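*Asks:* pasted the sequence and its predicted model underneath.
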2 protein chains.
Amino acid sequence: MEIIVFRLGHRLPRDERITTHVCLVARAFGANSVIYSGQKDHSLEKSVQGVVGSWGGKFSIAHENSPIERLEKLKKAGYSIIHLTVYGMPLPEKENAIRNAEKAVVVVGGEKVPTEVYHMADFNIAVGSQPHSEVAALAVTLDRIMGGQELERSFESNFRGNISLEPAEKGKKIKKK
Amino acid sequence: MEIIVFRLGHRLPRDERITTHVCLVARAFGANSVIYSGQKDHSLEKSVQGVVGSWGGKFSIAHENSPIERLEKLKKAGYSIIHLTVYGMPLPEKENAIRNAEKAVVVVGGEKVPTEVYHMADFNIAVGSQPHSEVAALAVTLDRIMGGQELERSFESNFRGNISLEPAEKGKKIKKK
């Protein structure tokens, strides 16, 4: 399943760390790329690219000035639009339907999500109906739709070398290939 | 299962939003309370208490100056210590063992976690072996050990009234009891 995570309305400095976490969760839990709208943030892009450089795998980040138009294009190109919102339908009810998609855009909102997104979405999905965190909502959604497999996979080395970790009952085991 | 989430080394202003997300995830995913160490943060406590006031249920937050001593006491009192760290053992391997605990402290690290924590922990648990987010690690761990049930439960009203949401395919349905 090809997955793009689409982060709406990035604001500086407020969202600096939250959006970084959104991007790293996207990568670690099996998405292929992140697109973000709102303020362009070179330091965010550099830090995500830095993790890809050191830890391996393929993952890209890009900024988008016209998120609605871009989402409409992606929808036309056959992507399922999955919008994470506390107002949506419970994830467990929709998990199986979502899993059938060959390619999907998982939309992670910012402070104010335009109404168009709710209407354009193939699925408005709530990860619980309590306020918590877009980082948590994304992680649990990807974990559920990937069936937990993403946590087990390895990331191929790239030109800058590759850090990897070995599981340890106590302490730390770090490998550098 | 009684669960305390223990957030180590809160720093201001850097961790302001991340720790808030950790606390809200703890509440939404079924923990009973949060303890945090590091800098005392009135605004964090107020904002968590505000969510409890408006959205219901019982959940408390408390600051701790001596996290290691407190963790040792909790361990002696019969709590399983579950430390979330990227260096730990894969969550899927330990899920069932963790679920047997009657009460547990889930420790969420800050920048530098003291070695004592790794050694005191009954489980050092990695949610994937890639860098991502303590918010995501906590959410996925609680989701897995609660078997997803925490997302379905309702929160009882309290004296200040209670906001709740009804699932919607499109748009928003908000109830105020």
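*Replies:* Structure's in. What do you need? Residues are numbered from 1 along each chain as shown, chains lettered A, B, ... in the order given.
*Asks:* now do the contacts for residue A:55.
*Replies:* Residue A:55 sits next to A:155, A:162-164, B:130-131 when contact means C-beta atoms under 8 Å, 6 or more residues apart in numbering or on different chains. (Each C-beta comes from the backbone N, C-alpha and C, glycine too.)
*Asks:* could the residues you listed go into CSV alongside pLDDT and neighbour count?
*Replies:* Listed next are the contacts of residue A:55 as CSV, based on pLDDT from 0 to 100; neighbours: other C-beta atoms under 10 Å in any protein chain shown:
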residue, pLDDT, neighbour count
A:155, 79, 18
A:162, 74, 18
A:163, 83, 19
A:164, 84, 16
B:130, 93, 24
B:131, 93, 14
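*Asks:* which one of the residues you listed is nearest to residue A:126?
*Replies:* residue B:130 (26.5 Å; C-beta to C-beta).
*Asks:* nearest spatial neighbour of the closest one, skipping sequence neighbours?
*Replies:* Spatial nearest neighbour of residue B:130, chain neighbours left out: residue A:28 (4.1 Å); criterion: C-beta to C-beta, 6 or more residues apart in numbering or on different chains.
*Asks:* number of residues surrounding that neighbour?
*Replies:* Residue A:28 has 28 neighbours, counted by other C-beta atoms under 10 Å in any protein chain shown.
*Asks:* wait, isn't it in contact with residue B:140?
*Replies:* No. In this structure, residue A:28 is not within contact of residue B:140 by C-beta atoms under 8 Å, at 10.3 Å.
*Asks:* packing partners for the longest strand along chain A?
*Replies:* Of all the elements of type strand in chain A, the one with the most residues (DSSP state E) is strand A:80-90. The contact analysis (3 or more C-beta pairs under 8 Å, 6 or more residues apart in numbering or on different chains; DSSP states H and E) places strand A:80-90 against helix A:67-76, strand A:103-108, helix A:115-120, strand A:123-126, helix A:134-145.
*Asks:* okay, the angle between it and strand A:103-108?
*Replies:* Computed by axes from the mean of the first three to the mean of the last three C-alpha atoms, to 10 degrees, the angle separating strand A:80-90 from strand A:103-108 equals 50 degrees.
*Asks:* surely residue A:60 is in contact with residue A:36?
*Replies:* No. In this structure, residue A:60 is not within contact of residue A:36 by C-beta under 8 Å, at 11.6 Å.
*Asks:* more crowded one of the two?
*Replies:* Legend: neighbour count by other C-beta under 10 Å for residue A:60 and residue A:36, higher for residue A:36 (27 against 14).
*Asks:* close to chain B, is stretch A:6-25?
*Replies:* Yes. Using C-beta under 8 Å from any C-beta of the partner chain, stretch A:6-25 reaches chain B at A:14, A:17-18, A:21, A:24-25.
*Asks:* with secondary structure, pLDDT and neighbour count added, can I get the residues you listed in JSON lines?
*Replies:* Formatted as JSON lines, the residues of stretch A:6-25 next to chain B follow (DSSP: H, G, I helix; E, B strand; the rest coil; pLDDT from 0 to 100; neighbours: other C-beta atoms under 10 Å in any protein chain shown):
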{"residue": "A:14", "secondary structure": "coil", "pLDDT": "92", "neighbour count": "14"}
{"residue": "A:17", "secondary structure": "helix", "pLDDT": "95", "neighbour count": "20"}
{"residue": "A:18", "secondary structure": "helix", "pLDDT": "97", "neighbour count": "23"}
{"residue": "A:21", "secondary structure": "helix", "pLDDT": "98", "neighbour count": "25"}
{"residue": "A:24", "secondary structure": "helix", "pLDDT": "97", "neighbour count": "24"}
{"residue": "A:25", "secondary structure": "helix", "pLDDT": "97", "neighbour count": "33"}
